[in-house]
Structures are given as C-alpha cells and as structure tokens.
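In: Sequence first, predicted coordinates after that:
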Amino acid sequence: MLDPLRFLTSRKEFSKMKKYQNHKKAVDQFWLSTSSDPEKSKKLVKGFYNRVEAANYYYSSFKEGWKTDRGIIFIVFGPPSLVYRSLTGESWTYGEQSSYKSLTFTFTKVNNPFTNNDYVLQRSTVYKNSWYRAIDSWRQGKVTSLDF
C-alpha cells in the first residue's frame, strides 16, 4: 500500500514513510493528513487504491500496472473522457475533445517481446502544471471524482 504513494509525496516524505517500522501506520497518517474529516479520508483511500487495482488489471505488462506510464496517469487523473487507440499508440483526453482547457496524454506503443501491453508516455513540459494541480488536489482531499 505504501509504494503507490510515491506519486503523491515528495522524495523526502516518501523516504521518511519507508523508514517506519509499521508501513500501515505511515500510510494511515498520510491519508488522515489530507482531510480533517476521517470519513472523507476513507473515501480518498478507497478511491486511490481502487485506481491502483484497476491500473494493475488494465495496464500490467512486464511490470505491475501502477508502475507503468498509463497506470500512473490513470491513478492520478482518473479515467480519461476520451481514448483514441491506433496500432502505434493511444491518446487520452481529459475534458472536452476540442476545448483549449482539455488535457491530452499521448502514449506510444513499445515493441516489447514480453508483452503487447507496453506503452510509454510522450513526455512534455505542457503536463507539468496539470500534474502539480492534480497532486495538490489529492493532498488537499479535493479530488473531484473517485469513480472509474
């Protein structure tokens, strides 16, 4: 349960959490710090780990799904509004298709002899602000949708 939190924490925070004898206590403290309401914290925990589980189901390849680029984006941003697939990759759009406010992640399919489910995110600085806003939403307990 601890390892996927590396996406929501700083290196220093994550390193400190890894040093706890009881990792469950570290995880619980993190989630309780996201909201003053324990019930809301429970919903965040459930939503986050449901996304981790879904990422493992849908995006696992030669490594666990939560460790893949598609899994990371899915966990942090949730399910995309639109998905376009081709023989060479996928594009995930969050928001309206043609809106300037939408965000699109493009993944390129990797020729991998061990799996047909290996995709790499085409990284861009365009994603930086959206990434930090999404992480901040999780850390403040303000994730808008925990469904998928």
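Out: Here it is on my side, so go on.

In: Work out the gap between the worst-scoring helix or strand of the chain on mean pLDDT and the centre of the chain.
Out: Among the helices and strands of the chain, helix 23-33 carries the lowest confidence by mean pLDDT, DSSP states H and E, at a mean of 88. Relative to the centre of its chain, helix 23-33 is centred 18 Å away, using CA atoms, centre = their mean, to the nearest Å.

In: now do stretch 83-103
Out: That offset, for stretch 83-103, works out to 17 Å (CA atoms, centre = their mean).

In: re the thing from before, okay, buried residues for the helix or strand that the least confident helix or strand of the chain is followed by please.
Out: Per DSSP states H and E, helix 23-33 leads on to helix 38-59 as the next helix or strand towards the C-terminus. Of all the residues in helix 38-59, those buried under the rule 16 or more other CB atoms under 10 Å are Ser41, Leu44, Val45, Gly47, Phe48, Arg51, Val52, Ala54, Ala55, Asn56, Tyr59. No exception for glycine: its C-beta is placed from N, CA and C like everyone else's.

In: Stretch 57-75 now?
Out: 59-61, 65-75.

In: Can you list the low-confidence ranges for this protein?
Out: 144, 146-148 (pLDDT under 70).

In: can you give me the strands in it?
Out: 82-85, 89-94, 103-109, 119-121 (DSSP state E).

In: before we move on, the earlier item: for the least confident helix or strand of the chain, output the C-alpha coordinates as PDB.
Out: C-alpha atoms of helix 23-33 as PDB (Å, rounded to 0.1, in the frame of the first residue of the first chain):
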ATOM      1  CA  HIS A  23       4.100   1.000   6.900                       C
ATOM      2  CA  LYS A  24       0.400   0.800   7.500                       C
ATOM      3  CA  LYS A  25       0.700   3.500  10.200                       C
ATOM      4  CA  ALA A  26       2.700   5.700   7.700                       C
ATOM      5  CA  VAL A  27       0.000   5.200   5.100                       C
ATOM      6  CA  ASP A  28      -2.800   6.000   7.600                       C
ATOM      7  CA  GLN A  29      -1.100   9.100   8.800                       C
ATOM      8  CA  PHE A  30      -0.600  10.300   5.200                       C
ATOM      9  CA  TRP A  31      -4.300   9.900   4.400                       C
ATOM     10  CA  LEU A  32      -5.600  11.300   7.600                       C
ATOM     11  CA  SER A  33      -3.500  14.400   6.900                       C
END
